[in-house]
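Colleague: no sequence on this one, just coordinates:
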DNA sequence: GAATGGTAAACAAACGTTTGCGCATCAAAA
DNA sequence: TTTTGATGCGCAAACGTTTGTTTACCATTC
């Protein structure tokens, strides 16, 4: 039914090989033939079959996105579209298509991985799943699957990854609050199974320690990565005997929940309670008050991961690389630093 | 390098056809052979090549998502992840993979469409692009490409679509405000090129008319589909001589911008100004005050579109269908209806 | 004992490309 | 005139499956 390369060849009075070479802009085709074939292609409205091409080329010119099992949570977080935007930008530019793999009906990460790459549908994968179990990494290595992790591998596995310096970022955020005079600073984190949570918690603790402050476990809570989690976490922290005067939330969505909880209990932000979030999602600046938050440049994270993956696909020999995307604290109103210039 | 069906066949002492039939659970294979082949597949860690399969089957078991050219705006709007979530859910369940097509380097919709489906990478497409130009629809029809539009076609083209009854929804939202006693109600819409904007505007106007109110063009503004657009729109409306006492924003993101503008000018919501948004994005209930908004059930929109597309792919004969997803007004604080029960 | 029927598996063609190799053709050099 | 070297193009194999048809085998039946 659909017109194929043979139809074009026949109509143009040449062989399929010639048509193929015209498509590939092979220089060994005369200008005259090239033009004639091109005209026929247009006339017949011919479009090369990408599937057949992939089969013979042994490459699909597509990259896969492995989305965490906690789909709902992940999609709900503005992190997702933003990182996707970055990946998209680079992939498009390099001529790669994007394949999405989500997990719903009980497929685990490994099965999904095999579905995508072992079946040759994609040339490599970007892992958005921050809680990386080792078996997955083993499968990747054993099968020489080009892959890039967004986040940091829990173990010292040899895989390319792109991440923020989360410890440093949390350290900086905490220091910011310390400089504003806060003594008791609380921490609301996501699931402790996530490397990112542990890193940020660690940076927070180190900052307190360096400032001579005490790390009080009652001021630390870890919740689901949802607005509701932030809400609950804040409620918990505010119930402690000596309540904190400032909060670090390891995600803006958590921070939003925290702000809601604080508001409901009648605490004013930043007067009674300073809050610093993480990620600088678009709505952070629209919060009331506008939220101070650590911008981790998610878009760049996405871009860089795609770049690294494509590099890996096209030069399979290259060693795993790491890349740290810098962070910048965006000072708004929620931390109580009315004049950012003095900091 | 990678193990293929022939390797399995050889090792099991059978032909490739037999292996293929084992994979397909063909009943003509004896139980004994089936088990033996299965064992070998596991032993060799064999995974069928989806590309080769697609080639011979003439179907890729994948559906494509055509994302509007206004990528940045689209990704920024929480509508996107939510509709994607719905699509994903159904697609996964039916065994279809998801392919993303975004437009960056100047490819227009048609080119992208051809890239995806004419090249057989996907079996059908979901069009997320609400401003559907006719040429695109023509291409779809001429090539018998299974497709579903999310939104309503501008012309009376014969294409399957799933949508909200946007006129009715806007009518209902406006009526809600009228019942609360508002006389001058403003409307902040997205680009007038979008069908959805025009539909909602139309419903708004009809509601005013039915209530005996006058439609005042000075109370209507159309802006970019961004928070910033809502901000500017609100500024514009508040600058009119007789300023409105209530606002309908055709998108929650616009409503957020509107609320910010109102806040900056010192107007209190809902006391000085009532606001009703559209979409009920997750953050709507976290706004300050929590936002009254028309829930259009985006997730369902996504689910239904995927269902319709897959149905179309698997039963090519079926006629184009339409589906309206119901809307429900979620009354919170921003509209000033303190006791939703009385309505 | 030959014909029939049923079951299990093999054969081979197809799907639409790409690409190494070989074969003409022709002009220039020997 | 023969050799050489480009140049332009065709041949055919390969990529890894699926599937309609055929074959081989064995047990019934006449």
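Modeller: Thanks, I have it. These numbers come from a predicted model, not from an experiment.
Colleague: Not counting sequence-adjacent ones, nearest residue to residue A:165?
Modeller: Distance criterion Cβ to Cβ, 6 or more residues apart in numbering or on different chains; nearest residue to residue A:165, sequence neighbours excluded, is residue A:324 at 5.1 Å. Any C-beta I mention is one placed from the backbone N, CA and C, and that applies to glycine too.
Colleague: Name the next helix or strand downstream of the helix or strand hosting residue A:22, please.
Modeller: Using DSSP states H and E, the element containing residue A:22 is helix A:16-23. Tracing the chain C-terminally past helix A:16-23 and defining elements by DSSP H and E, one meets helix A:31-44 next.
Colleague: wait, does that next one make contact with DNA strand D?
Modeller: Yes: residues of helix A:31-44 are located near DNA strand D by Cβ under 7 Å from any atom of the strand, namely A:32, A:33.
Colleague: helix or strand right after that helix?
Modeller: Where DSSP H and E defines the elements, the next helix or strand beyond helix A:31-44 is helix A:50-57.
Colleague: what does that next one rub up against?
Modeller: With Cβ atoms under 8 Å, 6 or more residues apart in numbering or on different chains as the test, helix A:50-57 has contacts from A:60, A:61, A:120, B:49, B:51, B:52, B:54, B:55, B:60, B:119, B:120, B:121.
Colleague: so for the next helix or strand after it, what's the average pLDDT?
Modeller: Per DSSP H and E, helix A:50-57 leads on to strand A:62-66 as the next helix or strand towards the C-terminus. Mean per-residue pLDDT for strand A:62-66: 93.
Colleague: right, and the helix or strand after strand A:62-66?
Modeller: Note on strand A:62-66: by DSSP H and E, the next helix or strand toward the C-terminus is helix A:71-76.
Colleague: so when I look at the residue nearest to residue A:165, I'm seeing a strand, right?
Modeller: Yes: the assignment for residue A:324 by DSSP: H, G, I helix; E, B strand; the rest coil puts it in a strand.
Colleague: how near is it to chain B?
Modeller: Using Cβ to the nearest Cβ, to the nearest Å, one gets 24 Å for the distance from residue A:324 to chain B.
Colleague: Okay, strands next: where are they in chain A?
Modeller: A:62-66, A:97-101, A:124-127, A:147-150, A:160-164, A:185-189, A:220-222, A:246-249, A:274-278, A:292-295, A:322-325, A:328-330 (DSSP state E).
Colleague: For these, state which one has the densest average packing.
Modeller: Burial among the strands of chain A, expressed as mean neighbours by mean count of other Cβ atoms under 10 Å in any protein chain shown, is greatest for strand A:246-249, which shows a mean of 30.
Colleague: Adjacent strands (with direction) for that one?
Modeller: Take DSSP bridges as the rule and strand A:246-249 pairs in its sheet with strand A:185-189 (parallel), strand A:274-278 (parallel).
Colleague: who touches residue A:169 in this structure?
Modeller: Residue A:169 makes contacts with A:200, A:203, A:278, A:294, A:296, A:327, as judged by Cβ under 8 Å, 6+ apart.
Colleague: ok, back up a step: export the strands of chain A to TSV and append columns for distance to residue B:248.
Modeller: Shown next, in TSV, are the strands of chain A (distance: least, Cβ to Cβ, whole Å):
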stretch	distance to residue B:248
strand A:62-66	37
strand A:97-101	34
strand A:124-127	40
strand A:147-150	39
strand A:160-164	40
strand A:185-189	36
strand A:220-222	40
strand A:246-249	33
strand A:274-278	31
strand A:292-295	31
strand A:322-325	40
strand A:328-330	32
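Colleague: Mind telling me which of the ones you listed the model trusts least?
Modeller: Lowest mean pLDDT of these: strand A:97-101, a mean of 89.
Colleague: Could you list the domains of chain A?
Modeller: A:5-44, A:62-164+A:298-325, A:166-296+A:329-342 (automatic domain parsing).
Colleague: And the nearest residue to residue A:320 once chain neighbours are set aside, how close does it get to DNA strand D?
Modeller: Among residues not flanking residue A:320 along the chain, residue A:160 sits closest, at 4.4 Å (Cβ to Cβ, 6+ apart). Residue A:160 sits 25 Å away from DNA strand D, going by Cβ to the nearest atom of the strand, to the nearest Å.
Colleague: Write down the beta-bridge partners of residue A:160, one by one.
Modeller: Beta bridges link residue A:160 to residue A:148 when assigned by DSSP bridges.
Colleague: That one and residue A:321 touch, don't they?
Modeller: Yes: counting by Cβ atoms under 8 Å, residue A:160 does reach residue A:321; the two are 5.0 Å apart.
Colleague: Show me whatever sits in contact with both of those two.
Modeller: Joint contacts of residue A:160 and residue A:321 (Cβ under 8 Å, 6+ apart) are residue A:308.
Colleague: Please read off the pLDDT at residue A:317 from the model.
Modeller: 81.
Colleague: I meant to write residue A:70 there.
Modeller: Residue A:70 is given a pLDDT of 69.
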